[in-house]
Every structure is written in C-alpha cells, then in structure tokens.
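Asks: need a structure here:
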Amino acid sequence: MDENAVKSSSRPLPITIIAILFIVWGLMVFADFTGIMTPKMDGKAVNVILGFRIFGIYAKIMDAIQLTLIVLMIYGLFTMKKLFGFFLTFAYMVYAVVSTHSWALMAGTEVSKRAKLSYDIFGIIAAGIICIILYINKEKFS
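Replies: Alright, predicted model coming up:
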C-alpha cells in the first residue's frame, strides 16, 4: 500500500484528543439525562439553550438531542467523516459559543458578573481552539 495514502487517511492527534474530550462531554450529558447529576431548579430538571432555561421533560428532550449530536460527532471525528466530524462539530462549537454568551448575558443576579465573564471567555477560547484545529485539518476529512 502506498505510504502517502496511509498518511493522508490517518487521524491527526489533535482530532483524537477532541474526540476523547467529546466522549467525556457525552458522559456528562448522559449523567444529566439519567438523573445522576441533573441540576434542578424548583424540583425540576433544568437545561439552558441559547441563554434560556427550559425545565422538566423539555430539558430531558434537549439532553437526548444533545447526546445524539455528540455521539454523531464522536463517530465523525474517529472515522474522519466530513459531515459529522467536520461540519457538525464546527456547527456545534459555534452553537456552544452563542449559547454560552447568551447565558452569560441573560443570567440573573444569582451569578456574579466575574463568573459569567470567566465562563464566557473560557467557552470562546475552547470552542475557538477546536474550530481552528478542525479548519487546519479539514482536508483530511472524507
């Protein structure tokens, strides 16, 4: 087999690290979905989507949707599939930045401004790094 063909089809280490981080994230979402570590507000499960809190069954539905997307991204990253590994992961990271920023802007007084800003900056930097790594390696996805 041609050595260049093997090299071009191999998964870069940063992509593998991103996939492993998404496995950890998926486990956290699964723990939230199953109730192992579900945040509660007024006795109901709560989730934040684009800065808005959703409660109860709607929060669980969003967990299921998010878990499905994460599994598809992990599959795409490990198999280097362009649709799930590159496009879906890139879109999810853009969504994560928008959602984190929206939450930081809309969160009530129970969260300090410093905590909101720290969370917002961390989200922007982490998502930015992931998007840059994906973009640098975009030609390796098939």
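
Asks: in the longest strand along the chain, what counts as buried?
Replies: With secondary structure taken from DSSP state E, the chain has its longest strand at strand 44-49. Burial within strand 44-49, assessed by neighbour count using 16 or more other C-beta atoms under 10 Å, is assigned to 45-49. Quick note: C-beta positions are derived from backbone N, CA and C, even for glycine.

Asks: for these, which one is nearest Leu105?
Replies: Of all the buried residues of strand 44-49, the one sitting nearest Leu105 is Val48; the distance, using C-beta to C-beta, is 11.9 Å.

Asks: bridging residues for that closest one?
Replies: Here Val48 sits in beta bridges with Arg53, as judged by DSSP bridges.

Asks: wait, doesn't it sit right on Trp103?
Replies: Yes - using C-beta atoms under 8 Å, Val48 and Trp103 qualify as a contacting pair, with a distance of 5.2 Å.

Asks: show me where the protein has strands.
Replies: Under the criterion DSSP E, strands of the chain are mapped to 40-41, 44-49, 52-55.

Asks: List of residues touching the first one?
Replies: Strand 40-41 is contacted from outside by 46, 53, 55, using C-beta atoms under 8 Å, 6 or more residues apart in numbering.

Asks: can you tell me which of the residues you listed lies nearest to Ile23?
Replies: Each of those was scored against Ile23 by C-beta to C-beta, and Val46 proved nearest at 24.2 Å.

Asks: residues touching the nearest residue to Ser102 once chain neighbours are set aside, list them.
Replies: The shortest distance from Ser102 to any residue that is not its chain neighbour, by C-beta to C-beta, 6 or more residues apart in numbering, is 2.9 Å, and that residue is Gly51. Counting by C-beta under 8 Å, 6+ apart, Gly51 makes contact with 99, 101-107.

Asks: Nice, that's everything, thank you.
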